[in-house]
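Participant: Sequence and predicted structure are below.
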Amino acid sequence: MITLRQIAKKAGVSKSTVSLALKKDPSCASKTIERITQIAHEMGYRPNPLVTANMAAMRTGRRQKTLKALLAYFYDYEFGTPHSLASFQGANERAGELGFVMEAFPYNDPKISPNRLLGILRSRNVQGIIIGESQTPIPHIDFKWDDFAVVAIGYTLQSPRVDRIGFNHTENLTRLFQDLSLRNYQRVGLALRSDF
């Protein structure tokens with residue numbers, strides 16, 4: 001994760017100048033704001049939602065002792081809750097390490113409309129959505145995504161197009177065969193699931 005300190009070093013300014021520039025503070029010169037914003041963009045800087053929320057709470061004097069951002073894990077209602085899935089457990093554990101709380105929500109519960117689900121996520125101040133793995137391809141999820149950072153586990157969701165986390169099977173197999181070759185294995189068998 002790119003930090004303000006790294007941006008400041010590259011821009012040759014102080015960390016506080018970077019902070020002011022990225023907030024477009026009027027006390028900062030417009031050329032400085034433009035230059036630092038460009039450098040931050042080139043470096044791939046993204047604000048940490050926990051830090052942003054914590055600083056806003058400090059400025060208003062309403063700081064909480066344990067401020068955590070909430071992530072939604074979308075799952076298919078028809079297959080039941082995702083709590084037994086290794087991908088859910090891994091995502092939940094990693095979210096906790098990064099200071100997030102993750103909660104599961106069915107994206108296609110017949111009792112909850114997409115608008116109602118959107119209202120629930122907004123009222124709970126959800127920062128991002130993880131679209132969980134699915135046993136069957138998902139052609140489309142009808143939802144208003146603009147307010148959230150979104151990532152999908154795997155390649156089942158076809159629409160909308162979002163960032164994905166998945167296995168690179170080609171890279172994994174290439175490394176495996178290279179390793180087997182170094183060990184002098186000559187006749188290697190390969191078994192894959194039929195859907196692969």
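Facilitator: Everything's here; your move. Residues are numbered from 1 along each chain as shown.

Participant: Pick out the residue nearest the middle of this structure.
Facilitator: The residue lying closest to the centre of the chain (CA atoms, centre = their mean) is residue 151, at 5.2 Å.

Participant: residues touching that one, list them.
Facilitator: 128-131, 162-165 (CB atoms under 8 Å, 6 or more residues apart in numbering). Where you see a C-beta, it was placed from the backbone N, CA and C, and this is true even at glycine.

Participant: From those, list the buried ones, please.
Facilitator: With neighbours counted by 16 or more other CB atoms under 10 Å, the contacts of residue 151 contain buried members at 128-131, 162.

Participant: rewinding a little: now render the contacts of residue 151 as TSV, adding secondary structure.
Facilitator: Formatted as TSV, the contacts of residue 151 follow (DSSP: H, G, I helix; E, B strand; the rest coil):
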residue	secondary structure
128	strand
129	strand
130	strand
131	strand
162	coil
163	strand
164	strand
165	strand
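
Participant: Dump those residues into CSV; add distance to residue 83 and pLDDT as well.
Facilitator: Below are the contacts of residue 151 laid out as CSV (distance: CB to CB, whole Å; pLDDT from 0 to 100):
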residue, distance to residue 83, pLDDT
128, 19, 91
129, 17, 93
130, 14, 92
131, 16, 91
162, 23, 85
163, 24, 86
164, 22, 84
165, 19, 83
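
Participant: Can you name the next helix or strand after the lowest-mean-pLDDT helix or strand in the chain?
Facilitator: Lowest on mean pLDDT, DSSP states H and E among the helices and strands of the chain sits helix 49-60, with a mean of 61. Scanning forward in sequence from helix 49-60 by DSSP states H and E, the next helix or strand is strand 69-75.

Participant: which other residues reach the next helix-or-strand element following that following strand?
Facilitator: Counting by DSSP H and E, the next helix or strand C-terminal to strand 69-75 is helix 86-97. Counting contacts by CB under 8 Å, 6+ apart, the residues outside helix 86-97 that touch it are 71, 73, 75, 82-83, 101-102, 104, 130, 132-133, 153-154.

Participant: got the buried residues for helix 86-97?
Facilitator: When burial is assessed from 16+ other CB under 10 Å, helix 86-97 yields the following buried residues: 88, 91-92, 95.
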